[in-house]
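# Provided below are the primary sequence and the corresponding predicted coordinates.
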Amino acid sequence: MKTALTKYSSKEISWQAWSENSVAAAKESGKLIVLAFVNDKDDSVATLKAFEDRTIAKKHDKVIFLKVTYEKDSADVKKYGVFSAPTVIYIDPSKDGDKQVMEKVQGKQSVNQIRASLFKAFAKQDSK
């Protein structure tokens, strides 16, 4: 039998590519959407890696992970008000427009900061 520590040790995430189809599928699932705007710099890599923390891994089945390559003048960057990479946005799938963004964190984030922002988003989603 696996212990909780073994079961939820660091767990790699299958990040899906951002597209209108992936967003529609994510919204249909009803799960919290984590949208990460990233580039190929170390700060982005470290922020994505933080989601593999064992405490966060316990919540992986309640989250859809999407990532998009940060491009300064892209429509998605403008839509979500992103100014730099990495930026992580937590989206409530039950809402539309501006109300769907529950939390947005910009810049390199530590594991503790990622954990806090993710749990804050879950709390907002649970309180509705």
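Nice, I can see it. Everything numeric in this text was worked out from a predicted model, so none of it was measured. Numbers count the residues shown, from 1 in each chain.
# rest of the way, CA atoms for contacts and neighbours
Will do.
# look up how far Lys104 lies from Asp42.
From Asp42 across to Lys104, the span is 20 Å (Cα to Cα, to the nearest Å).
# show me what contacts Ala46?
Applying Cα atoms under 8 Å, 6 or more residues apart in numbering, one finds that Ala46 lies in contact with Lys108, Gln109, Ser110.
# out of Asp42 and Lys104, which sits in the busier spot?
A count of neighbours by other Cα atoms under 10 Å puts Lys104 above the other of Asp42 and Lys104, at 18 against 12.
# shouldn't that one be in contact with Ile89?
Yes: at 4.4 Å, Lys104 counts as touching Ile89 under the criterion of Cα atoms under 8 Å.
# now do the contacts for the spatially most central residue of the chain.
Relative to the mean C-alpha position of the chain, the nearest C-alpha, by Cα atoms, centre = their mean, is the one of Val34, at 2.2 Å. Shown here is Val34, whose contacts under the criterion Cα under 8 Å, 6+ apart are Val63, Ile64, Phe65, Leu66, Val88, Ile89, Tyr90, Ile91.
# for these, pick the one with the most neighbours.
Greatest neighbour count in these, by other Cα under 10 Å, goes to Val88: 27 neighbours.
# okay, and the beta partners of it?
Each beta-bridge partner of Val88 is listed here: Ala36, Val105, as defined by DSSP bridges.
# can you tell me how far it sits from Val82?
Taken as Cα to Cα, the span from Val88 to Val82 is 9 Å.
# over to Ile13?
Look at Ile13 and Val82: by Cα to Cα, they are 23 Å apart.
# between the two, which is the more surrounded one?
Between Ile13 and Val82, counting by other Cα under 10 Å, Val82 is the more crowded of the two (22 against 14).
# buried sites along stretch 47-63?
47-58, 60, 63 (16 or more other Cα atoms under 10 Å).
# now do stretch 104-124
Those buried within stretch 104-124 under the rule 16+ other Cα under 10 Å are Lys104, Val105, Gln106, Lys108, Gln109, Val111, Ile114, Arg115, Ser117, Leu118, Ala121, Phe122.
# cheers, nothing more for now.
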